[in-house]
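Colleague: return a 3D structure for these sequence lines:
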Amino acid sequence: MKRVSLTTLMFAVLSAVFFLLLIFLRIPFGAYPLMSNQDALDILTPLVLIPLYWMLFRSSSDSVLHLREELVFMIFAALWVLGQGMHLSANSINNLSESLADNKVIDILNTSIYQLTYFYDEYLGHYLWHIGVLGLAGLLIYRDWRSPTFTTTNWWLAGIGGVIYGFTSFCIFLEGNTVLVGLPFMVIVVLMVLAWGRQKLGEKPVMAFFFSSYAVAVVMLAGWGIYFKGFPPLSAVGLI
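Modeller: Alright, predicted model coming up:
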């Protein structure tokens, strides 16, 4: 059945749109110019992606949902939304502060206000958000792994979605300075599937999607780390 694989592809495409492509809309928002179009559209990010996580959570198995699984989903979804919202507002304020400083209006870049906002944006917000991203992925993989087999993986959809989401994962962990948590998690998933789950991939579309995604991301991060002898963000090397 293509439905689950099609949902993973939709999830991959919309993740790329909201995580990566919105950065190109960093121009003043007409209704409230202190915000950017990126900020305004980023409000929609959890409203679009969390329901898709839930669709994958429900469709990955026909077995009855257990309360503990639903509680784990809600906890990681809450972390996801909390971190993303914190990042959204703090990043918006940081961008405005830097713009005002560049235009010689007012410079608060050396103040405690900017330092605290930067901490919420680049550290606390990113880590809460990305731990939520990884936690939800882990839950989806776990549920698909242990469920009875009722579906078939569509490898065209899983492969295309895997490349898209793998590149997205590479970018968000690298630019978010969260490679410390993202890379080990992805390596563990890839190795576990290779060791114990590779024969199931044809019947586990959600697991196949995340396996292919994380394999792509791990290879890209490994290449980046070798080339740069570390993991500098994309912005630090002038790519965005």
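Colleague: how about the helices in the protein?
Modeller: For the chain, the helices defined by DSSP state H cover 2-19, 37-42, 45-59, 67-102, 112-119, 126-146, 155-175, 179-192, 205-228.
Colleague: adding distance to Ile27 and mean neighbour count, write the ones you listed out as TSV.
Modeller: Where C-beta positions appear, they are placed from N, C-alpha and C, glycine not excepted. TSV is the format used below for these (distance: least, CB to CB, whole Å; neighbours: other CB atoms under 10 Å):
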stretch	distance to Ile27	mean neighbour count
helix 2-19	17	19
helix 37-42	6	18
helix 45-59	18	17
helix 67-102	11	17
helix 112-119	21	13
helix 126-146	24	21
helix 155-175	20	22
helix 179-192	30	18
helix 205-228	29	21
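Colleague: Arg26: which of these is closest?
Modeller: Nearest to Arg26 among these is helix 37-42; the distance by CB to CB comes to 4.8 Å.
Colleague: what's in contact with that closest one?
Modeller: Residues external to helix 37-42 that are found in contact with it (CB atoms under 8 Å, 6 or more residues apart in numbering): 18, 22-23, 25-29, 31-32, 84, 88, 91-92.
Colleague: again, 10 Å this time
Modeller: Outside helix 37-42, the residues within contact range by CB atoms under 10 Å, 6 or more residues apart in numbering are 17-19, 21-32, 35-36, 84-85, 87-89, 91-93, 95-96.
Colleague: any idea how far Ile164 is from Ile172?
Modeller: Separation of Ile164 from Ile172 (CB to CB, to the nearest Å): 13 Å.
Colleague: shared neighbours of the two, which are they?
Modeller: Here Ile164 and Ile172 share the contacting residues Ser15, Ala16, Leu20, scored by CB under 10 Å, 6+ apart.
Colleague: can you list the residues you listed in TSV and add distance to Ala195?
Modeller: TSV is the format used below for the shared contacts of Ile164 and Ile172 (distance: CB to CB, whole Å):
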residue	distance to Ala195
Ser15	27
Ala16	29
Leu20	31
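Colleague: out of the residues you listed, who's nearest Val181?
Modeller: Ser15 (17.6 Å).
Colleague: quick check: that closest one touching Ser169?
Modeller: Yes: Ser15 lies in contact with Ser169 (CB atoms under 10 Å); the separation is 8.6 Å.
Colleague: ends of stretch 95-109, how far apart?
Modeller: With CA to CA, to the nearest Å as the measure, stretch 95-109 spans 11 Å from end to end.
Colleague: not counting its neighbours along the chain, what's nearest Val179?
Modeller: Once flanking residues are discounted, Val179 sits nearest to Phe231: 4.6 Å by CB to CB, 6 or more residues apart in numbering.
Colleague: quick check: that neighbour vs Gly225, distance?
Modeller: For Phe231, the distance to Gly225 equals 6 Å [CB to CB].
Colleague: one more: Gly125?
Modeller: For Gly125, the distance to Gly225 (CB to CB) stands at 24 Å.
Colleague: ditto for Leu128
Modeller: Taking CB to CB as the measure, Leu128 falls 24 Å from Gly225.
Colleague: repeat for Phe29
Modeller: For Phe29, the distance to Gly225 - CB to CB - is 37 Å.
Colleague: do Thr178 as well
Modeller: From Thr178 to Gly225 the distance is 14 Å (CB to CB).
Colleague: got the confidence number for the nearest residue to Cys171 once chain neighbours are set aside?
Modeller: Excluding the flanking residues, the one nearest Cys171 by CB to CB, 6+ apart is Leu20, at 5.8 Å. If you check Leu20, the pLDDT there is 95.
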